[in-house]
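Asks: Task: produce atomic coordinates for the following.
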Amino acid sequence: MPKTIDELFAQARARLQRVDPRAAAAILAGGGLVVDIRPAEQRRRDGEIPGAIAVERNVLEWRLAPSSAYRIAELTGPEHEVVIVCAQGFASSLAAAALLDLGLVHATDLDGGFESWAASGLPVRRAE
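Replies: Residues are numbered from 1 along each chain as shown. This next block holds a predicted model:
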């Protein structure tokens, strides 16, 4: 029997210790990675989290899998803290669960996504 989207989200989120914007900022300040999977147009329009790394969703697993030959240099290994960010915190939950499956034991996502970050008053870098 196929899952509903609500079941898929519930299963993904049950595996995550989702973080709020302040916790994500603390992880970033402590050397963890904040990875923004929003499309480039959304980042240009709405702004970006200073210090976040942009990795498009369609290549996320290749760029963050600890065993991938295409892994980003900033990822030091499977224990590295990684917070995935999308616009509202939906796609990021599914993406973070996939990263757990690939061995990133501290992968999670930002509850509420970029919108919650911006609403919290944390810094946002705007395109010039």
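Asks: CA only for contacts and neighbour counts going forward, please
Replies: Will do.
Asks: which sections of the protein are below the confidence cut-off?
Replies: 128 (pLDDT under 70).
Asks: which residues of it fall in helices?
Replies: Ranges of helices within the chain are 5-14, 21-29, 40-46, 60-64, 91-101, 113-119, based on DSSP state H.
Asks: residues of the second one that come out buried?
Replies: By neighbour count, with 16 or more other CA atoms under 10 Å as the criterion, the buried positions of helix 21-29 are Pro21, Ala24, Ala25, Ile27, Leu28.
Asks: Does anything pack onto it? Which helices or strands?
Replies: Here helix 21-29 touches strand 33-36, going by 3 or more CA pairs under 8 Å, 6 or more residues apart in numbering; DSSP states H and E.
Asks: With respect to burial, which of the helices of the chain scores highest?
Replies: Ranked by mean neighbour count, those are led by helix 91-101 with a mean of 22 (mean count of other CA atoms under 10 Å).
Asks: ok, Asp36 - how many residues close by?
Replies: 27 (other CA atoms under 10 Å).
Asks: pretty sure it is in contact with Pro50, am I right?
Replies: No - using CA atoms under 8 Å, Asp36 is not in contact with Pro50; the gap is 10.6 Å.
Asks: Show me the residue at the heart of this structure, geometrically.
Replies: Note on the chain: the residue nearest the mean C-alpha position is Ile84, at 0.5 Å, using CA atoms, centre = their mean.
Asks: who touches that one in this structure?
Replies: Applying CA atoms under 8 Å, 6 or more residues apart in numbering, one finds that Ile84 lies in contact with Val34, Val35, Asp36, Ile37, Ser92, Ser93, Ala95, Ala96, Ala107, Thr108, Asp109, Leu110.
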